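1. With the sequence up front, the predicted model follows.
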Amino acid sequence: MADFLDRDATDQLAALEIGADIAGSLRIPASYCGVFAHKPTFGVISQRGLVPPAVRAADIDLAVVGPMARSARDLQLLYNTIADHPDATRKRATLRTLRVGLWIDEPAFVLDHPVHDTIRAFAERLSAAGSVVSPISAPVPPGVLLSTYTMLLFAIMGASLPPLAGVLFEALRGPARVATAMGASPMSWAQGVLGYAARHRDWLAANETRAHLRGEMITFFQRYDILICPCAPTVAFPHDHRPINWRTLSTSTGDRFSYLRMLEWSALATTCGLPATAIPAGLAASGLPVGIQIIGPPGSDTFVIAVAEAIDRALQAA
């Protein structure tokens, strides 16, 4: 991967690509490689063929299929090709007076300083281009968001567990509930167990909370046109082939944290089914790419990509 992290090298691999995203699998690689990707509004692009068998009738909850490209313009072209109901009109966006909520200072989430500083510098350039950029706190309660997201996500994964693994998770439900009551985090083993062994009533409760969170975001977008936040907490890192629960990531200051915390910044758009376009924001001091998510209200996919194109056109030329 290290040989292909810069944008010029990545451009030589493919002009366009299609991927899936349930935990940032479009947005995080785009951020690490300095390219563009779009996680669409849930349901606007067919999942047919995403997971065997191809005759699956129901969509996988949270999951989406979306485009990846080397420019926002190409992203829009591929999106319009694969969307079930593409927008026939080519939308344009202007950066002047664009109302931007900038969410990068979040105590509950990991964000390495070089990533934070690169995005802040990007926001200053966006402001200089005429956008109204307002630093904000979390648009929804972070703890509620992560608890809801992990319950929904791990319940999906638990549905395909082999029988013996299912028995193990059932046996761990009691200890996991105790650990959660004692303050175990939404990214802990305890939340994973409760999600993998979720009852239908657990899913219903999480789904109800999701609906409330989505409603809060719809209200948020009455005040702001878009939300900008990081795609990932760090820049790209060396491969780690150990089991996922054994992996850790490091910040530039040497602090270590669970690999699963990489999902924190992906949770909002995924949980609420919002469109999110990942674009390059610049290079960290290490020379590695840093990406941002441009998130909009449900169904605003073409507008969000148009904003990405306007940013790419204006800031790349600056």
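-> Alright, I've got the coordinates.
2. residues contacting the closest residue to Trp103 other than its chain neighbours?
-> Closest residue to Trp103 apart from its sequence neighbours, by CB to CB, 6 or more residues apart in numbering: Cys229 at 4.3 Å. C-beta here means a position set from N, CA and C on the backbone, and glycine is covered the same way. Contacts for Cys229 (CB atoms under 8 Å, 6 or more residues apart in numbering) come out as Leu102, Trp103, Ile104, Trp265, Leu268, Ile292, Gln293, Ile295.
3. And Ala190, by the same measure?
-> Pro175, Ala176, Arg177, Ala179, Thr180, Ala184.
4. Could you tell me the phi and psi values at it?
-> Taking degrees, to the nearest 10, you get phi -70, psi -40 for the backbone angles of Ala190.
5. Against Ala176, how distant is it?
-> For Ala190, the distance to Ala176 equals 4 Å [CB to CB, to the nearest Å].
6. Can you pull the residues that touch both of these two?
-> Ala184.
7. show me the contacts for Thr150.
-> Thr150 neighbours (CB under 8 Å, 6+ apart): Pro186, Met187, Gln191, Gly192, Gly195.
8. helix/strand/coil for Pro298?
-> Following DSSP: H, G, I helix; E, B strand; the rest coil, the label given to Pro298 is coil.
9. rewinding a little: helix, strand, or coil at the residue nearest to Trp103?
-> From three-state DSSP, the assignment for Cys229 is strand.
10. Next: the one 4 residues further on.
-> On the three-state scheme (three-state DSSP), Pro233 is labelled coil.
11. so it makes contact with Glu264?
-> Yes. Counting by CB atoms under 8 Å, Pro233 touches Glu264, with 7.0 Å between them.
12. element containing the residue nearest to Arg92 when sequence neighbours are not counted, please.
-> Distance criterion CB to CB, 6+ apart; nearest residue to Arg92, sequence neighbours excluded, is Ala306 at 5.8 Å. Using DSSP states H and E, the element containing Ala306 is helix 301-317.
13. contact partners of that helix?
-> 36, 38, 40-41, 44, 71-73, 75-76, 79-80, 83, 87, 91-95, 98, 122, 125-126, 129, 225-226, 275-277, 279, 294-296.
14. among those, which are in helices?
-> Ala72, Arg73, Leu75, Gln76, Tyr79, Asn80, Phe122, Arg125, Leu126 (DSSP state H).
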